[in-house]
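S.K.: Next input, structure requested:
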Amino acid sequence: MLMHSAFATRRFCQLTSSRFLSTTHLVVNAVGVDRTGIVSEVTKNVVDAGGNVGESQAAKLGRYFSLMMMLQVPSNKLDSFKDAMKKLKNVNTAMFETEAPEQHCTHAAVAYSGVVSLTGADQPGIVHNITSLLARNGLNIKKLKTSEQVAPHGGTTLFEMHCKAEAFEPIAKEFDADKIRSQLEDLGDSLNCDITLKDLST
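M.R.: I've put the predicted structure just below:
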């Protein structure tokens with residue numbers, strides 16, 4: 001009976017202490033030539049370290065695969081986790097420490113939301129020109145996707161871009177979606193491409 005009580009006490013202490021182990025929150029980006037198993041290998045390292053994945057996004061860019069995750073691992077396993085990530089075959093990883101998500105989860109109210117779409121011949125500076133115009137008008141880019149494809153006739157490379165842009169409260173008095181739409185159309189004329197701004201309900 002005494003031995004059982006001692007074991008129970010020791011087990012309780014182990015469980016209690018594990019609840020209060022400090023954790024490190026990380027943003028991790030893993031990029032490599034696309035192949036089967038990248039996500040499985042990355043998440044195995046997280047599990048082996050006793051960690052947990054929160055938000056994540058993955059995308060294929062050309063022949064490359066990119067995985068971005070917000071996760072947490074026990075602080076005493078941080079070094080071994082980083083070493084394991086460095087050993088992934090043909091995958092480059094970058095990571096940095098951040099605050100716990102709940103410490104900065106407050107979001108300003110969205111006053112305006114819209115989708116910018118572009119189609120036209122590819123040329124240097126398209127993305128920069130559009131995003132600069134949006135920034136000057138107080139719009140923040142929420143999501144961005146671009147792609148290239150060869151036109152069926154003539155062999156011209158067509159460029160497509162879609163992005164969701166938002167403006168937050170308190171919105172500037174001079175903010176005018178129709179004015180931004182007109183500026184985008186003028187920019188499209190100068191770049192020989194079609195650029196539209198579609199309002200979304202907020």
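
S.K.: my guess is residue 130 is in a helix, correct?
M.R.: Yes: judged by DSSP: H, G, I helix; E, B strand; the rest coil, residue 130 forms part of a helix.

S.K.: For the helix or strand encompassing residue 133, name the packing helices and strands.
M.R.: Using DSSP states H and E, the element containing residue 133 is helix 126-136. Helices and strands in packing contact with helix 126-136 are listed as strand 110-121, strand 140-150, strand 157-168, helix 177-191; criterion 3 or more CB pairs under 8 Å, 6 or more residues apart in numbering; DSSP states H and E. Every residue, glycine included, has its C-beta placed from N, CA and C.

S.K.: For the longest one, list every residue counted as buried.
M.R.: Applying a neighbour-count criterion of 16 or more other CB atoms under 10 Å, the buried positions in helix 177-191 are 180-181, 183-184, 187-188, 191.

S.K.: Just the CA trace of that helix, in CSV.
M.R.: What follows is helix 177-191, C-alpha atoms only, in CSV (Å, rounded to 0.1, in the frame of the first residue of the first chain):
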residue,chain,number,x,y,z
ALA,A,177,-12.9,52.6,-53.4
ASP,A,178,-14.0,54.0,-56.7
LYS,A,179,-10.9,56.2,-56.9
ILE,A,180,-8.7,53.2,-56.2
ARG,A,181,-10.6,51.3,-58.9
SER,A,182,-9.9,54.1,-61.4
GLN,A,183,-6.2,54.2,-60.5
LEU,A,184,-5.9,50.5,-61.0
GLU,A,185,-7.6,50.8,-64.4
ASP,A,186,-5.2,53.5,-65.4
LEU,A,187,-2.3,51.4,-64.2
GLY,A,188,-3.6,48.5,-66.3
ASP,A,189,-3.7,50.7,-69.4
SER,A,190,-0.1,51.7,-68.9
LEU,A,191,1.0,48.1,-68.4
